[in-house]
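Visitor: below: sequence and its predicted model.
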Amino acid sequence: MINVALVGNPNTGKTTVFNALTGSKQYVGNWPGVTIDKKYGFINKDITIVDLPGIYAMDTYSNEEKISRTYLENEDVDVIINVVDATNLERNLYLTTQLMQFNKPILVFLNMMDIVKKRGINLDTKVLEENLGVKILPISAKNKIGLANISEVINKSKEIIPNYNINFKSENEAYRYIDNVIKKASEEKGKSRYIGEEIDKIVLNPILAYPVFLLALFLIFKFTFSWFGQPLADGLDGFVANTFTPFIEGLLVNSSDWFKSLIVDGIVAGVGGVIVFFPIVFSLFIGISFLEDSGYMSRVAFLMDRIMRKIGLSGKAFIPIIMGFGCSAPAIMATRTLESEKDRKMTALLAPLVTCGARLPVYALFASIFFASNQEFVVMGLYLLGIVVAILVGLIFKNTLFKKDEQPFILELPQYKLPSFKGIILNAWDKSKGFIIRAGTLIFAVSIVVWFLTYFNMNGFTDEIDTSFLASLGGFISPIFKPLGFGGWEAGVSILTGLAAKEVIIGTMEIVYGDLAVVLPTMFTAITALSFLVFVSLYTPCFAVIGVMKKEYGTKMMFLSVIYQFVLAWVVAYFFRFIATLITGGVTLIYTLEFLTFLGIVTLGILILVKYFNKEEVREVVQS
């Protein structure tokens, strides 16, 4: 059996190469002692290939680099395949020279050769081979060019006895050598210029970059709520309300009252009330997928580096936080790639503050009812609120729980490309399919439970839901939310069931309120609706995220996340309600005194927190 290690910088197409070589014959696990994905597969029955984490060098700085070095030093590796971005040889070949220290046969896959040719560059691979002393294979992994007969090439490479004469005393010396080799091997015709350099002058401009980012977000939300997603959702909602529900009612005309209520008021209302928002969720992820696939999202992480450093993190931590737009669970898992334990824990606590896709149906419902003419701005504001609050909380954490030295930030800025329609749709579907799965499983089950609690009491089935089990439970917890403006038991239980999945909030409201477009305006004002949305945007994440937090970081971190997010959401929602009431002229003297008292308590709490956790021994206990 021949064992092959696949090594390369991030964004060189290494994963594409791995998938092309192994097809469906691949497996994923975790590296021993480290929660970073370990991928391995089979090219054929005689060749095993292990996809090592993407790295820039072998300096044993990050977890990924430690894993790669340890694997190459201690495992029985027959051949190293080094995937190199042919459009950026200087940076990529530095890793190649470092791989020579392991004294293994190296096969360099010179990827993205199609782009090199488009730029009018002639690259002589024979000159590169002669100067580096390694076998070089020009390929285009995306187009599956140059990957034929790989088994034969690997077999021949295994028989080569390495004889590397390159031994650099310093990093600068290595880069001087690489630069000289590249000059010998390449000839630029000047046929074309990389347009990405011109784009970067705008999107990375210190003045223009942030307005461009906000414009990109606005266009995504405009596409979601005005041009595509909302119109589809309205059509689906009309079908469910005017066609599907009457059809089901007709089938159940001779059924008992409780069974008819279970199907129509429970399952159809609960699941149907959520599923109509799928076009909105899918549309949002189309926009996000476009930004990701085009290469722009990495620029956003680069832009955020300066801001993230203010809270003690690097721009690399912004990537898991951005992933939270989809779901907080994979966002927390993505913190595995950060270098330090403190970075990982702090980012895991901040990532759930970013609005996930499951909250979007709640935003869409309330925005369409209470802020119909400004839906895009309201929803965009809620998304930005999560980012701003995460930054402010990060500042507090930086001075309490997670005092630390700054880490250097290295981020690959991938090539710009025009995403394919198929790629965007598949990416968006992959991000949003969980919505459909939850609707058919978790939300279905919760809808039945909520219906039972809504239409039953100690005396059995009842139409008086104010006397139901759910009303009793809601009445018990509703005082917590009364200062926020939504103290009815219905809103309280909706927030409670939202812990199962945030979409369930809508399903629960469909069951306990009925026609939401008619009932909600009688239960909420525009101000209390805004307070409700702010609370929903920040409060404790769903059980799935809580479970991931426990698995990744333990019980202490899990409870810290659950408690602090609930308290934070309450405080911010209360603040927004007061400011909105103040602006509209509805603040009384008693309400002002109440708010000032509240503000004083919060300020005192933060000062005590900072003072208490500034004690080194206390921080060490919490961080452990």
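Guide: Yes, it's here. Residues are numbered from 1 along each chain as shown.

Visitor: where does the chain have low pLDDT?
Guide: Low-confidence regions of the chain, defined by pLDDT under 70, span residues 24-37, 60-62, 188-194, 314-315, 337, 339, 403-412, 587-591, 602, 605-624.

Visitor: distance from the chain centre to the longest helix along the chain, please.
Guide: Longest helix in the chain by number of residues (criterion: DSSP state H): helix 555-583. Here helix 555-583 shows a centroid-to-chain-centroid distance of 22 Å under the convention Cα atoms, centre = their mean, to the nearest Å.

Visitor: heads up, I number from 18, so please use that
Guide: Okay, residue one is now 18; in that scheme the one you just asked about reads as helix 572-600.

Visitor: for residue 283, see how far away the residue lying farthest from the centre of the chain is.
Guide: The outermost residue of the chain, judged by C-alpha distance from the chain's mean C-alpha position using Cα atoms, centre = their mean, is residue 271 at 48.1 Å. Computed with Cβ to Cβ, to the nearest Å, the distance linking residue 271 and residue 283 is 19 Å. No exception for glycine: its C-beta is placed from N, CA and C like everyone else's.

Visitor: helices of the stretch 518-641 of the chain, start to end?
Guide: 521-530, 533-540, 543-555, 560-570, 572-600, 606-630, 633-640 (DSSP state H, counting those that start in this stretch).

Visitor: between those, which gets nearest to residue 111?
Guide: Among the helices of the stretch 518-641 of the chain, the nearest to residue 111 by Cβ to Cβ is helix 560-570 (32.3 Å).

Visitor: that closest one - contacts with which helices or strands?
Guide: Packing contacts for helix 560-570, counted by 3 or more Cβ pairs under 8 Å, 6 or more residues apart in numbering; DSSP states H and E, involve helix 345-351, helix 358-367, helix 572-600.

Visitor: now do it: everything it contacts.
Guide: The set of residues external to helix 560-570 that reach it, using Cβ atoms under 8 Å, 6 or more residues apart in numbering, is 52, 344-346, 349-350, 352-353, 361-362, 365, 369, 516-518, 557, 574-575, 578-579.

Visitor: run the last query once more with 6 Å
Guide: Where contact means Cβ atoms under 6 Å, 6 or more residues apart in numbering, the residues beyond helix 560-570 that reach it are 345-346, 349, 365, 369, 574-575, 578.

Visitor: and stretch 117-136, by the same measure?
Guide: Identification of contacts with stretch 117-136 by Cβ under 6 Å, 6+ apart yields 29-30, 89, 94, 96-104, 116, 140, 151-158, 174, 177, 179, 181, 183, 209.

Visitor: from the chain's centroid, how far away is that stretch?
Guide: Using Cα atoms, centre = their mean, the distance between the centre of stretch 117-136 and that of its chain works out at 31 Å.

Visitor: and that stretch, what's buried?
Guide: When neighbours are counted by 16 or more other Cβ atoms under 10 Å, the buried residues of stretch 117-136 are found to be 117, 119, 121-130, 132-134.

Visitor: span of that stretch from start to end?
Guide: One end of stretch 117-136 sits 30 Å from the other (Cα to Cα, to the nearest Å).

Visitor: may I ask which helix or strand encompasses residue 443?
Guide: Secondary structure here is read from DSSP states H and E; on that basis residue 443 sits in helix 438-457.

Visitor: mind giving me the packing neighbours of that helix?
Guide: Helices and strands in packing contact with helix 438-457 are listed as helix 286-292, helix 295-311; criterion 3 or more Cβ pairs under 6 Å, 6 or more residues apart in numbering; DSSP states H and E.

Visitor: taking those together, which one is wrapped up most tightly?
Guide: Each of the helices and strands packed on helix 438-457 was assessed for mean neighbour count using mean count of other Cβ atoms under 10 Å. The highest is helix 286-292, with a mean of 25.

Visitor: what sits up against that helix?
Guide: The contact list for helix 286-292, computed with Cβ under 6 Å, 6+ apart, reads 257, 456, 460-461, 464, 520, 523-524, 527-528.

Visitor: which of the three states applies to residue 139?
Guide: For residue 139, the secondary structure call by DSSP: H, G, I helix; E, B strand; the rest coil comes out as strand.

Visitor: who touches it in this structure?
Guide: Residue 139 is in contact with residue 204, counting by Cβ under 6 Å, 6+ apart.

Visitor: and residue 91, how far from residue 68?
Guide: Here the criterion is Cβ to Cβ. By it, residue 91 lies 17 Å from residue 68.

Visitor: ok, those two, which is more surrounded?
Guide: Per other Cβ atoms under 10 Å, whichever of residue 91 and residue 68 has more neighbours is residue 68, with 26 against 8.

Visitor: and for the more buried one, nearest residue in space, chain neighbours not counted?
Guide: Excluding the flanking residues, the one nearest residue 68 by Cβ to Cβ, 6 or more residues apart in numbering is residue 56, at 4.1 Å.

Visitor: pairing partners for the one you found in the sheet, please.
Guide: With DSSP bridges as the criterion, the beta-bridge partners of residue 56 are residue 45, residue 68.

Visitor: helices or strands up against the longest helix of the chain?
Guide: Contacting helix 572-600 under the criterion 3+ Cβ pairs under 6 Å, 6+ apart are the following elements: helix 543-555, helix 560-570.

Visitor: ok, residue 109 - contacts?
Guide: Each residue near residue 109 by Cβ under 6 Å, 6+ apart is listed here: 26, 101-102.

Visitor: from those residues, pick the one nearest residue 613.
Guide: Distance to residue 613, by Cβ to Cβ, is smallest for residue 26 among the contacts of residue 109, at 54.9 Å.

Visitor: now stretch 348-359: buried residues?
Guide: For stretch 348-359, the buried set under the neighbour-count rule, 16+ other Cβ under 10 Å, comprises 348-357, 359.

Visitor: rewinding a little: hang on, isn't the residue nearest to residue 68 packed against residue 69?
Guide: No. In terms of Cβ atoms under 6 Å, residue 56 does not count as a neighbour of residue 69; the distance is 8.9 Å.

Visitor: higher neighbour count, these two?
Guide: A count of neighbours by other Cβ under 10 Å puts residue 69 above the other of residue 56 and residue 69, at 24 against 18.

Visitor: and that one, what is it in contact with?
Guide: When the contact criterion is Cβ under 6 Å, 6+ apart, the partners of residue 69 are 22, 24, 85.

Visitor: make sure the second one is indeed in a strand.
Guide: Yes. Counting by three-state DSSP, residue 24 is found in a strand.

Visitor: could you pull out the helices for the stretch 118-267 of the chain?
Guide: Listed in chain order, the helices of the stretch 118-267 of the chain (DSSP H, counting those that start in this stretch) span residues 130-135, 142-149, 167-175, 188-202, 212-220, 226-239, 246-256, 262-268.

Visitor: after the strand or helix carrying residue 98, which helix or strand is next?
Guide: Secondary structure assignment for residue 98, by DSSP H and E: strand 96-102. Using DSSP H and E, the helix or strand that follows strand 96-102 towards the C-terminus is helix 106-116.

Visitor: and the angle for that following helix with strand 96-102?
Guide: Between the axis of helix 106-116 and that of strand 96-102 there is an angle of 160 degrees, by axes from the mean of the first three to the mean of the last three Cα atoms, to 10 degrees.

Visitor: tell me the angle helix 106-116 makes with helix 142-149.
Guide: Computed by the same axes, to 10 degrees, the angle separating helix 106-116 from helix 142-149 equals 40 degrees.

Visitor: mind listing what's buried in helix 106-116?
Guide: Buried residues in helix 106-116, counted by 16+ other Cβ under 10 Å: 106, 108-116.

Visitor: and which of the residues you listed is nearest residue 328?
Guide: Each of the buried residues of helix 106-116 was checked against residue 328 using Cβ to Cβ; the closest is residue 108, at 28.6 Å.

Visitor: show me what contacts that closest one?
Guide: In this structure, residue 108 makes contact with no residue, judged by Cβ under 6 Å, 6+ apart.

Visitor: try residue 551
Guide: Each residue near residue 551 by Cβ under 6 Å, 6+ apart is listed here: 589-590, 593.

Visitor: and for residue 557?
Guide: Listed by Cβ under 6 Å, 6+ apart, the contact partners of residue 557 are 579, 582-583.

Visitor: one more time with 8 Å
Guide: With Cβ under 8 Å, 6+ apart as the criterion, the residues that contact residue 557 are 516, 563, 578-579, 582-583, 586.
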